[in-house]
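Novice: everything below, folded, please.
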Amino acid sequence: MSKVDKLIAELSPNGVEFKELGDTAYFTIVMGQSPDGKSVNTDENGIEFHQGKANFSREIIANSGQYTSKPTKIAEAYSVLMSVRAPVGTINYTNRKICIGRGLCAIQTTELVISKYLFYMMQILGQYLAEKSSGSTFTSTRANEVKAIKIPTPPLVIQEEIVKILDTFTELEAELEARKKQYEYYRSALLTFNDKNGGGGVERRELQEIFEIKNGYTLSKKNADYWTKGTIPWFRMDDIRKNGRILDDSIQHVTPQAVKNDYLFPANSIIIATTATIGEHALITVDSLANQQFTFLTKKVNRSVEIDMKFMFYYGYVLGEWCRNNTNAASFASVDMKKFKKFKIPIPPIAEQKRIVSILDKFEALVDDISIGLPAELAARRKQYEYYRTKLLTFSEYVS
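Specialist: Sure thing, here's the model as predicted:
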C-alpha cells in the first residue's frame, strides 16, 4: 500500500467530498475578457496579456510577448488556466499575475485546496471537456458549465503527497527536454559557419548549383494499377512522424506504372516539406517517390563540389527553419521557391563535413532514434505520468 493509500484509508475511509468549482469556499472562477485592442502592445508597458492557449506549454504558461496598459480580467499568480473556446479544455498554470482574454478562464483556490493539486486534477477533467465539446458546432464552455465541474477535495496532507509525486514525474520530463535542447544547441553551433571572404570561413553555394530540385507528386487513388501490390516506396509526412528522419522504406507503395517518365528519385536524396508542414525533412536511402508536399534535393553529378548527403541531412534543420520563415503569403502557405533555389549552403572541406556528421550521429542516436533515444524515453515517461496521475486522482465520493 502506497503512502497515499494509507493516508486515504486513515483520513478518508468513507470517500472524499466532491466540490463544484462554483463553490466559493474552495474556488474562485475568473472568465476572461479581452481588453481594448488599442491598449495591447509588445513593449512590456503594463501587465502580460494572454488571449488564448497559444502560449501553453506542458506546465507553466509561456510569456505571450503581449502586454496591456488597461487590464480587464486578472488571473492571480498560482491560478489554473483553462481554454474555454475551441479547442476547449487545454489546461495550464501561471506562476505570475496575468490578464486573460475571452479564450481563457482562471481558477483560483482558497486555503482548502492546493493550486498545483487542482492543476493536475484539471488535466484529467480538461480531456473530458474536450471530448464533450468536440461534436458541438459551438465548441466553447460557458461560466455555468465550468462552475458545475466537480473536484474531489481530500484533506490537504493527501493533496500535498499527490502533488509531490506528480511534480517528480514532471521534473524528470523537464530534464529530458533540457537534454534535447542541449543537443539542438550543439547541432546549431556545429552547423554555423563564417563566410569565406579572403580569410577564414567556408564558401557557400546555391542549392540549385548542387542539387536537382524537383517536386514529388500524388497519384490518382482511383487507378488501382498504381497501388495494387506496389513495390516502390512513396513517402508522406506520416512516414517521418512514425519512422523518423532517415528512411529506407515507406508506409505506402506504388507500382512501376505510376512512375512518370520511368524516373525515380535516386537513393540518398533529401526530401523537405515546402507546403503544409513546412520545413520537415528526411534523408531517403532508397530509390523512391514522395507526395507533392515534398521537394526532393538530389545531388548533381558535379565533381567540383563535394557534399556528404548525411552532412546535408543535418544542415536540413537549418534549411527547414529558413523555409518556415520564407513563405508566400497565400491562403495555403508554401515556400518561396525562387528564394529556395538560391539559398546558399556552406560547403566545408569534405573531411570537416564527415567530422561533423560523426559527432552529430552520436547525438542523434541518443536524442532522435525512434526506439532507443529520448523520444521513446519521453513517451514512456508521459505514459507512466498519465497512468499514475489518473490512479492518484481517482477517489470514491463521500456520501453523507
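Novice: show me what the worst-scoring helix or strand of the chain on mean pLDDT is packed up against.
Specialist: Within the chain, no helix or strand scores below helix 374-392, which has a mean of 73 by mean pLDDT, DSSP states H and E. Packing partners of helix 374-392 (3 or more C-beta pairs under 8 Å, 6 or more residues apart in numbering; DSSP states H and E): helix 115-133, helix 156-190, helix 350-367. Every residue, glycine included, has its C-beta placed from N, CA and C.
Novice: of all those, which gets the most neighbours per residue?
Specialist: helix 115-133 (a mean of 20; mean count of other C-beta atoms under 10 Å).
Novice: pull the CA atoms of the least confident helix or strand of the chain into PDB?
Specialist: This file holds the C-alpha atoms of helix 374-392, laid out as PDB (Å, rounded to 0.1, in the frame of the first residue of the first chain):
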ATOM      1  CA  LEU A 374      14.900  10.500 -26.000                       C
ATOM      2  CA  PRO A 375      11.600  10.400 -27.800                       C
ATOM      3  CA  ALA A 376      11.000   6.800 -26.700                       C
ATOM      4  CA  GLU A 377      12.100   7.800 -23.100                       C
ATOM      5  CA  LEU A 378       9.900  10.800 -23.100                       C
ATOM      6  CA  ALA A 379       6.900   8.800 -24.400                       C
ATOM      7  CA  ALA A 380       7.400   6.200 -21.700                       C
ATOM      8  CA  ARG A 381       7.700   8.900 -19.100                       C
ATOM      9  CA  ARG A 382       4.400  10.500 -20.300                       C
ATOM     10  CA  LYS A 383       2.500   7.300 -20.300                       C
ATOM     11  CA  GLN A 384       3.800   6.500 -16.800                       C
ATOM     12  CA  TYR A 385       3.000  10.000 -15.600                       C
ATOM     13  CA  GLU A 386      -0.600   9.800 -17.100                       C
ATOM     14  CA  TYR A 387      -1.100   6.400 -15.500                       C
ATOM     15  CA  TYR A 388      -0.100   7.500 -12.000                       C
ATOM     16  CA  ARG A 389      -1.900  10.800 -12.400                       C
ATOM     17  CA  THR A 390      -5.200   9.000 -13.100                       C
ATOM     18  CA  LYS A 391      -4.600   6.500 -10.400                       C
ATOM     19  CA  LEU A 392      -3.700   9.100  -7.800                       C
END
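Novice: residue ranges with poor pLDDT in the stretch 1-150 of the chain?
Specialist: 1, 53-58, 128, 130-140 (pLDDT under 70).
Novice: weakest of the helices and strands packed on helix 374-392 in terms of mean pLDDT?
Specialist: When the helices and strands packed on helix 374-392 are compared on mean pLDDT, helix 115-133 scores lowest, with a mean of 81.
Novice: what angle do that one and helix 374-392 make?
Specialist: 100 degrees (axes from the mean of the first three to the mean of the last three C-alpha atoms, to 10 degrees).
Novice: show me what the helix or strand following helix 115-133 is packed against.
Specialist: Note on helix 115-133: by DSSP states H and E, the next helix or strand toward the C-terminus is helix 143-147. Here helix 143-147 touches strand 27-31, strand 104-109, going by 3+ C-beta pairs under 8 Å, 6+ apart.
Novice: buried set for helix 143-147?
Specialist: By neighbour count on 16 or more other C-beta atoms under 10 Å, the buried set for helix 143-147 is Val146.
Novice: and the following helix or strand past that helix, what does it pack onto?
Specialist: Moving toward the C-terminus from helix 143-147, the next helix or strand (DSSP H and E) is strand 150-152. Here strand 150-152 touches strand 18-20, helix 115-133, going by 3+ C-beta pairs under 8 Å, 6+ apart.
Novice: hmm, who's touching the first one?
Specialist: Same thing as strand 18-20. The set of residues external to strand 18-20 that reach it, using C-beta atoms under 8 Å, 6 or more residues apart in numbering, is 25-27, 147-153, 395, 397-398.
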